[in-house]
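>>> Attaching a predicted model along with its sequence, questions to come.
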Amino acid sequence: MKTVVLTSDTSVDHHTGIGHPERPDRVSCVIQNLRKISKEKLDWNKSSSFDKNLLNITHSKNYIQEVEKSFPAKGLYFLDGDTIVSPGSKNASFDAVGSIIKAIDLVQNKKNKNAFCAVRPPGHHAEKNKAMGFCIFNNVAVGAKYLIKKYKLKKIAIIDFDVHHGNGTQDIFYDNDQVLYISTHQYPFYPGSGSSHEKGKFNNIFNIPLVAGTTSEEYLNAYERVLKKLKQFKPNFILFSAGFDSHKDDPLAQLQLVSSDFYTLTKRTLEISKNLCDGKVVSILEGGYDLNALMESSEMHVKALLEFN
């Protein structure tokens with residue numbers, strides 16, 4: 001079985017205005033770069049439609065209705081100060097969710113060994129009732145809900161290595177004993193959440209706050225705590241919220257990771273995933289705003305997925 005990359009034709013239709021960091025070429029540059037990998041090593045697939053009830057068990061019905069009404073016929077509409085939608089955002093948002101559903105099906109049904117979803121908009125800041133931080137629907141949260149609903153899995157782990165804390169994912173699963181949410185992130189920093197004291201109702205939230213300027217060595221040492229927590233939880237499936245904005249060249253944050261660090265953290269996770277969940281791992285793109293750093297880092301992440309046996 002091979003690694004599969006999931007894409008969406010509509011990701012580039014989600015426009016956010018001139019100068020906005022969450023822009024269409026974020027995803028197009030990642031895909032173009034990954035296309036250089038041999039087809040003998042890597043499968044490609046497309047997002048597909050999904051049961052919209054999965055959104056209803058992740059976000060509130062009122063929120064979903066508000067979002068659907070907000071997509072403009074022309075121009076731009078602000079869901080909040082940072083989160084902007086355009087006419088093409090509706091299909092892009094639904095297709096981003098559809099990509100993780102499709103990826104989960106491919107991996108769970110042993111069509112592919114693992115998967116990376118190269119789509120946008122990102123999702124981990126979207127709460128049950130609120131859009132924020134460039135995020136509309138919480139893609140990874142819907143994926144976790146799907147694994148529980150469709151495949152009856154008991155334990156799902158979400159590892160979020162985006163430089164920003166995934167407040168939305170934490171909000172959605174704060175009182176859910178079936179989902180372990182682990183986040184490494186710069187702190188104090190946007191969005192303000194993510195202290196080590198936020199543990200969830202069932203001790204199922206594990207935040208690892210890191211100071212600005214954290215080096216590769218310091219980060220990878222801290223990441224050992226992620227792996228220890230995974231071993232204790234023993235998940236049936238692992239989802240990555242794969243943000244690459246902790247790279248030293250990213251303009252929106254101040255962690256000091258280099259591109260190869262994303263290979264290392266991914267490989268370390270995959271090595272223990274084999275015994276925990278038979279290597280079932282699906283990753284979806286979150287942040288990353290320097291295009292060169294994003295291309296290099298996502299390639300390192302996917303290379304680690306490719307090498308896993």
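Ah, there it is.
>>> can you give me the strands in this protein?
Secondary structure of the chain, counting by DSSP state E: strands at 3-7, 42-46, 77-78, 84-85, 114-117, 156-160, 179-186, 205-210, 237-242, 281-285.
>>> Between the ones you listed, which one is closest to Asp25.
Asp25 sits nearest to strand 281-285 of all the strands of the chain, at 13.2 Å, using CB to CB. To be clear about C-beta, it is placed using only N, CA and C from the backbone, and glycine gets the same treatment.
>>> Could you spell out the sheet neighbours of that closest one, each with its direction?
Paired strands of strand 281-285, with direction, are strand 114-117 (parallel), strand 237-242 (parallel) (DSSP bridges).
>>> Next up, the contacts around the nearest residue to Lys41 once chain neighbours are set aside.
Sequence neighbours aside, Leu306 is the residue nearest to Lys41 in space, at 5.7 Å (criterion: CB to CB, 6 or more residues apart in numbering). Leu306 makes contacts with 2-3, 37, 41-42, as judged by CB atoms under 8 Å, 6 or more residues apart in numbering.
>>> and what of Lys201?
For Lys201, the contact set (CB under 8 Å, 6+ apart) comprises 174-177.
>>> Gly75 now?
Applying CB under 8 Å, 6+ apart, the residues near Gly75 are Ser86.
>>> cool, and the one 10 residues further on?
Taking CB under 8 Å, 6+ apart, we find Val85 in contact with 14, 70-72, 76-77, 79, 93, 136.
>>> Can you add mean pLDDT and distance to Thr269 and give the strands of the chain back as a markdown table?
Listed next are the strands of the chain as a markdown table, based on pLDDT from 0 to 100; distance: least, CB to CB, whole Å:
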| stretch | mean pLDDT | distance to Thr269 |
| --- | --- | --- |
| strand 3-7 | 98 | 14 |
| strand 42-46 | 97 | 19 |
| strand 77-78 | 98 | 36 |
| strand 84-85 | 98 | 33 |
| strand 114-117 | 98 | 11 |
| strand 156-160 | 99 | 7 |
| strand 179-186 | 98 | 10 |
| strand 205-210 | 98 | 14 |
| strand 237-242 | 99 | 7 |
| strand 281-285 | 99 | 7 |
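>>> possible to save these as CSV with distance to Leu54?
What follows is the strands of the chain, written out as CSV (distance: least, CB to CB, whole Å):
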stretch, distance to Leu54
strand 3-7, 16
strand 42-46, 18
strand 77-78, 24
strand 84-85, 20
strand 114-117, 15
strand 156-160, 14
strand 179-186, 15
strand 205-210, 22
strand 237-242, 14
strand 281-285, 15
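>>> With respect to His124, which of those strands lies nearest?
That would be, of the strands of the chain and by CB to CB, strand 237-242, which comes in at 4.8 Å.
>>> What is the distance between the closest one and the centre of its chain?
Using CA atoms, centre = their mean, to the nearest Å, the mean C-alpha position of strand 237-242 is found 7 Å from that of the whole chain.
>>> what sits up against it?
100, 104, 108, 116, 123-124, 140, 143-144, 147, 153, 155-162, 166, 169, 230, 266, 269, 273, 276-277, 280-286, 298, 301.
>>> follow-up on the earlier one: could you flag which of the contacts of Leu306 are buried?
Of the members of those, the ones counted as buried by neighbours, 16 or more other CB atoms under 10 Å, are 2-3, 37, 42.
>>> picking up where we left off before, as JSON lines, the contacts of Val85 with distance to Ser216 and neighbour count would be great.
Converted to JSON lines, the contacts of Val85 look like this (distance: CB to CB, whole Å; neighbours: other CB atoms under 10 Å):
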{"residue": "His14", "distance to Ser216": "32", "neighbour count": "28"}
{"residue": "Ser70", "distance to Ser216": "40", "neighbour count": "16"}
{"residue": "Phe71", "distance to Ser216": "41", "neighbour count": "18"}
{"residue": "Pro72", "distance to Ser216": "43", "neighbour count": "12"}
{"residue": "Leu76", "distance to Ser216": "38", "neighbour count": "14"}
{"residue": "Tyr77", "distance to Ser216": "40", "neighbour count": "15"}
{"residue": "Leu79", "distance to Ser216": "35", "neighbour count": "20"}
{"residue": "Ser93", "distance to Ser216": "34", "neighbour count": "29"}
{"residue": "Ile136", "distance to Ser216": "32", "neighbour count": "29"}
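>>> All the helices of the stretch 1-150 of the chain, residue numbers only.
Across the stretch 1-150 of the chain, reading from the start of the chain, the helices by DSSP state H, counting those that start in this stretch fall at 25-34, 53-56, 61-70, 89-108, 139-151.
>>> For the second one, list every residue counted as buried.
Okay, so that is helix 53-56. For helix 53-56, the buried set under the neighbour-count rule, 16+ other CB under 10 Å, comprises 54-55.
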